[in-house]
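Novice: just coords:
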């Protein structure tokens, strides 16, 4: 299953496409979608929309896992991040993907085993889980890969929940 | 000039298409785009995206004027409103429209003459400016028309600023 993790943002939107095959987990494509800060916000949103659409068309992931936008972090940046996340989710559904949101704490809990894991712990866990020699760069892409890994950790349980529900009907 | 005013929202997204011709201002199309609250947020965002795209294709406005999302109003609802606004702005730019954001106070100032105008005053001013016998309904659509009227009030000045800038170059 191909899972595209998204760390949403307007200036920098990290992405990481992860696949689990034959018991191994690989990062297939990682990067950051950037929009120029000197342009008006609506133009930047339209550029992000085009880039996200192209990314989905190129890789055709089954699932898009995206970090849920929370308020407590930074009130000033939450609005453009929410705008970017809205665009990503709408494009992902339009491309036929399943879309799942995870909170930052869910991602940390799933990847590092503790909800309060710091950046350094997260980076090392992503590196270990992918079995790569160096920490993944850029950092936004590593964050996006962590979100995709979080979904892979939850997916077996989500599958069992769905199966139990269909039996209960 | 056709101006589409948008009062962004995920459950209810008000729109009002306004045109100024021969000294008169008319509302050509008003309504509310709704998404079902029982669906997951990503599906609702995708539905809103389809509806906004259809609206832009049908009416082809020159300008989309949209209310700026602010935090102080309601922290819990600001995130879905920002997601909806992001989708509207990206679609509007993709459709070739000029996109302008106005704060709630700018809209009140332009339409009712005071930044602190209440709902009732705003409704009556919209009614007066359009020269219609009854208050415009639904309320979300009236709010969207007010945003379009705000742009029409600003447009002559914006034109002069642009002209002055091009002379100064």
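Specialist: That came in fine, so what should we check first? No experiment lies behind these values; they were computed from the predicted model shown.

Novice: tell me, how many residues neighbour residue A:26?
Specialist: 12 (other CB atoms under 10 Å in any protein chain shown). Quick note: C-beta positions are derived from backbone N, CA and C, even for glycine.

Novice: whoops, I mixed them up, residue A:116
Specialist: Residue A:116: 9 neighbours (other CB under 10 Å).

Novice: any idea how far it lies from residue A:122?
Specialist: 11 Å (CB to CB, to the nearest Å).

Novice: what touches both of the two?
Specialist: Shared contacts of residue A:116 and residue A:122 (CB atoms under 8 Å, 6 or more residues apart in numbering or on different chains): residue A:108.

Novice: list the buried residues in stretch A:69-83.
Specialist: Neighbour-count burial for stretch A:69-83, counted by 16 or more other CB atoms under 10 Å in any protein chain shown, picks out A:69, A:78-83.

Novice: do the same with stretch A:27-45
Specialist: Of the residues in stretch A:27-45, A:27, A:29-35, A:41-45 count as buried by neighbour count, 16+ other CB under 10 Å.

Novice: check whether it comes near chain B.
Specialist: Yes. Using CB under 8 Å from any CB of the partner chain, stretch A:27-45 reaches chain B at A:40-43, A:45.

Novice: just send these back as CSV, with pLDDT too.
Specialist: Converted to CSV, the residues of stretch A:27-45 next to chain B look like this (pLDDT from 0 to 100):
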residue, pLDDT
A:40, 97
A:41, 97
A:42, 98
A:43, 98
A:45, 98
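
Novice: which one of those residues is nearest to residue B:19?
Specialist: Lowest distance from residue B:19 to those (CB to CB) belongs to residue A:42, with 21.6 Å.

Novice: mind giving me the packing neighbours of the helix or strand containing the closest one?
Specialist: In the assignment (DSSP states H and E), residue A:42 maps to helix A:41-59. Here helix A:41-59 touches strand A:2-7, strand A:12-21, strand A:24-34, helix A:75-94, helix B:75-94, strand B:98-102, going by 3 or more CB pairs under 8 Å, 6 or more residues apart in numbering or on different chains; DSSP states H and E.

Novice: parallel or antiparallel, list what pairs with the helix or strand just after it.
Specialist: With elements assigned by DSSP H and E, the helix or strand that comes after helix A:41-59 is strand A:63-67. Within its sheet, and counting by DSSP bridges, strand A:63-67 is paired with strand A:2-7 (parallel), strand A:98-102 (parallel).

Novice: and for the shortest one, what's in contact with it?
Specialist: Outside of strand A:98-102, the residues that reach it under the criterion CB under 8 Å, 6+ apart are A:62-68, A:89, A:92-93, A:110, A:147, A:150-151, A:154, B:40-42.

Novice: in whichever strand or helix holds residue A:107, what counts as buried?
Specialist: Using DSSP H and E, residue A:107 maps to helix A:104-112. The neighbour-count check on helix A:104-112 (16+ other CB under 10 Å) flags A:104, A:106-112 as buried.

Novice: same question for stretch A:85-99.
Specialist: A:85-95, A:97-99.

Novice: from those residues, which single one is nearest residue A:1?
Specialist: Using CB to CB, the buried residues of stretch A:85-99 come closest to residue A:1 at residue A:98, 9.9 Å.
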